[in-house]
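# Below is the structure, and that's it, no one-letter string:
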């Protein structure tokens with residue numbers, strides 16, 4: 001339809017020009033001595049138009065001829081760019097599909113285009129890392145270092161891969177390069193968390209945990225777990241020196257020191273170096289914050305006076321938790337140390353009635369030995385051995401079930 005309209009317009013213009021030419025009687029005289037050329041005005045105008053068209057065509061052809069080498073170079077560059085992007089897409093898709101050998105081959109093909117070479121090198125490094133070809137991985141990373149535009153991507157990828165292969169110092173050095181510009185890179189901080197945990201850099205790990213928790217970049221369960229790992233490791237390093245161990249416990253913030261598992265571990269190590277009073281105070285603070293069987297169990301195992309004060313504390317707790325088997329067992333142990341044989345037997349018997357446990361049977365056997373009840377000691381030792389065997393079998397069965405579920409999911 002558009003072509004028809006243009007044809008009609010051109011026909012109308014031609015008709016109008018033809019009609020106008022009939023009323024044009026002008027002449028054009030061209031004097032080139034000794035020649036004289038007489039032309040009608042209409043012919044002169046026609047020749048002028050044809051000359052202009054001819055000049056335009058010749059100029060266009062000359063321009064294209066001189067510009068041909070540049071056009072060829074641009075065509076080749078575009079072809080390389082399109083080919084590189086196609087290879088880069090193929091490499092990325094193969095990497096996400098888990099076809100690492102194919103991803104590395106496609107990354108090599110994408111190296112032909114300078115625009116995609118650096119990103120292709122990072123994909124090739126990822127693929128080589130997944131195939132545990134660490135020398136090729138490092139070669140790919142070195143190739144990507146030539147392009148400054150992907151520096152952050154290269155450093156973060158390097159840190160993540162080095163952390164996974166437990167090259168923790170290299171990973172931390174790369175993370176320091178990321179953070180050198182003052183930027184707060186959350187993913188880099190997560191990588192640093194794993195690298196510091198593997199390298200045993202507990203102060204740096206705790207610093208990372210606090211920074212990530214402040215930005216809500218780490219789940220609260222992981223925050224608690226990492227904090228416990230870090231604080232526990234620092235306590236283990238000082239567990240043989242009473243003063244250093246007590247000072248390390250004081251360094252832990254109160255809200256973290258009250259965590260039940262950490263409090264139980266710290267109290268056990270404090271009691272082992274004759275810091276029973278500090279251990280008991282630590283456990284009491286933890287239990288005031290949260291009622292948990294781990295601190296209660298540790299509270300009953302502290303072998304340091306004064307026992308009577310701790311017995312009174314446990315009996316006060318028993319008013320609020322009358323059927324707590326762990327609390328009853330702890331009371332029985334404390335009464336044994338205070339040589340309150342009758343009360344110890346009563347509490348241990350109640351604990352066994354509420355919830356049978358091998359530790360309770362073992363404590364009853366020890367109490368029977370202390371009171372010269374050899375028959376009772378043999379009976380309770382037999383019960384403890386059978387209970388421990390059943391417990392070990394249950395743990396082994398559960399572990400085998402977890403392994404089977406994990407293998408089935410692979």
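Here it is on my side, so go on. Keep in mind it's a predicted model, so treat the numbers as computed, not measured.

# Distance-wise, check residue 328 relative to residue 177.
Look at residue 328 and residue 177: by CB to CB, to the nearest Å, they are 58 Å apart. Using the backbone N, CA and C atoms, a C-beta is placed for each residue, glycine as well.

# neighbour count winner among the two?
residue 328 (26 against 17; other CB atoms under 10 Å).

# contacting residues for that one?
Taking CB atoms under 8 Å, 6 or more residues apart in numbering, we find residue 328 in contact with 318, 347-348, 350-351, 354.

# out of these, who has the most neighbours?
Using other CB under 10 Å as the neighbour criterion, residue 347 leads these with 28 neighbours.

# The helix or strand where that residue lies packs against which elements?
Here residue 347, judged by DSSP states H and E, is contained in helix 341-354. With contacts taken as 3 or more CB pairs under 8 Å, 6 or more residues apart in numbering; DSSP states H and E, helix 341-354 sits against helix 325-337, helix 358-370.

# could you give the mean pLDDT of it?
For helix 341-354, mean pLDDT is 92.

# The residue nearest to residue 37 when sequence neighbours are not counted sits in which helix or strand?
Excluding the flanking residues, the one nearest residue 37 by CB to CB, 6 or more residues apart in numbering is residue 30, at 4.1 Å. Using DSSP H and E, residue 30 sits in strand 27-32.

# pLDDT averaged over that strand, what's the number?
For strand 27-32, mean pLDDT rounds to 71.

# From residue 66, how far out is residue 95?
Look at residue 95 and residue 66: by CB to CB, they are 45 Å apart.

# now swap in residue 260 and tell me
When CB to CB is the yardstick, residue 260 and residue 66 sit 84 Å from each other.

# The two - which one has more neighbours?
residue 260 (20 against 9).

# That one is in contact with residue 283, isn't it?
No - under the criterion of CB atoms under 8 Å, residue 260 makes no contact with residue 283, lying 9.2 Å away.

# Need the phi and psi values for residue 302.
Main-chain torsions, residue 302, degrees, to the nearest 10: phi -70, psi 110.

# Can you get me a residue count around it?
Residues near residue 302, counting by other CB under 10 Å, number 24.

# next one: the one 4 residues further on
Burial of residue 306, expressed as a neighbour count using other CB under 10 Å, amounts to 12.

# now residue 269
For residue 269, using other CB under 10 Å, the count is 20.

# That one is in contact with residue 245, isn't it?
Yes - shown here, residue 269 and residue 245 form a contact pair, counting by CB under 8 Å, at 6.1 Å.

# and for those two, which residues touch both?
Residues touching both residue 269 and residue 245 (CB under 8 Å, 6+ apart): 235, 239.

# angle of the helix holding residue 347 against helix 358-370?
Angle, helix 341-354 to helix 358-370, by axes from the mean of the first three to the mean of the last three CA atoms, to 10 degrees: 150 degrees.

# which regions of the stretch 301-410 of the chain lie under the pLDDT threshold?
395, 398-410 (pLDDT under 70).

# returning to what we had before: any shared contact partners between residue 260 and residue 283?
Taking CB under 8 Å, 6+ apart as the contact rule, residue 260 and residue 283 both touch residue 295.

# so where does residue 36 fall, helix or strand?
Using DSSP H and E, residue 36 falls within strand 35-40.

# That strand pairs with which strands?
Its sheet considered, strand 35-40 pairs with strand 27-32 (antiparallel) by DSSP bridges.
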